[in-house]
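>>> What follows is a predicted protein model with its sequence.
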Amino acid sequence: MVMPYLNFTGECEAAFRLYQRAFDGGEPVLARYGDAPESAYPGMDEAQKNRIMHGQIMLTETGGVSGADAIWPVEKGSAIHIHVVCASVEKAQKAFGILAEGGIVVEKLQPNPPPHDNGVSGMLKDKYGFNWVLSARLG
């Protein structure tokens, strides 16, 4: 399984809770820097220790994302999009609506043009700066 790894600057837990709502996912796995031995990350204050060292959440039965609140500089770009093929159009609509909260819709969720006209797809950037493509097959 390929699982994108998303780097955040303090919003990892909030983002994974949003993704949990969007995709009806289970509880995300969240390990905090404070869960590691002190020697692994010396000198962290309590706020830093509460940040996510590693998280993971399943978005579908076969795919998800991992991520962390990076302790290195993070530069967000547009070269990568997370593509989620939803089980139904209704699930794609729900997820798209939630991910669009505070984000930017690039292409609204709509029927695909020929020759790929057997479903819907749309693109957006969520409020954390990550690019998504959501799609679903019709019927």
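Cool, the structure landed. This one's a predicted model, so the numbers in the text were calculated from it and none came from an experiment. Residues are numbered from 1 along each chain as shown.
>>> nearest spatial neighbour of the most centrally placed residue in the chain, skipping sequence neighbours?
Nearest residue to the geometric centre of the chain (Cα atoms, centre = their mean): Y19, 5.5 Å. Nearest residue to Y19, sequence neighbours excluded (Cβ to Cβ, 6 or more residues apart in numbering): I57, at 5.6 Å. To be clear about C-beta, it is placed using only N, CA and C from the backbone, and glycine gets the same treatment.
>>> on that earlier part again, flag every buried residue along the helix or strand that contains the residue nearest to the centre of the chain.
Using DSSP states H and E, the element containing Y19 is helix 12-23. Buried residues in helix 12-23, counted by 16 or more other Cβ atoms under 10 Å: 12-13, 15-16, 18-20, 22-23.
>>> what's it packed up against?
Packing contacts for helix 12-23, counted by 3 or more Cβ pairs under 8 Å, 6 or more residues apart in numbering; DSSP states H and E, involve strand 5-8, strand 29-32, strand 52-58, strand 64-69, helix 89-99.
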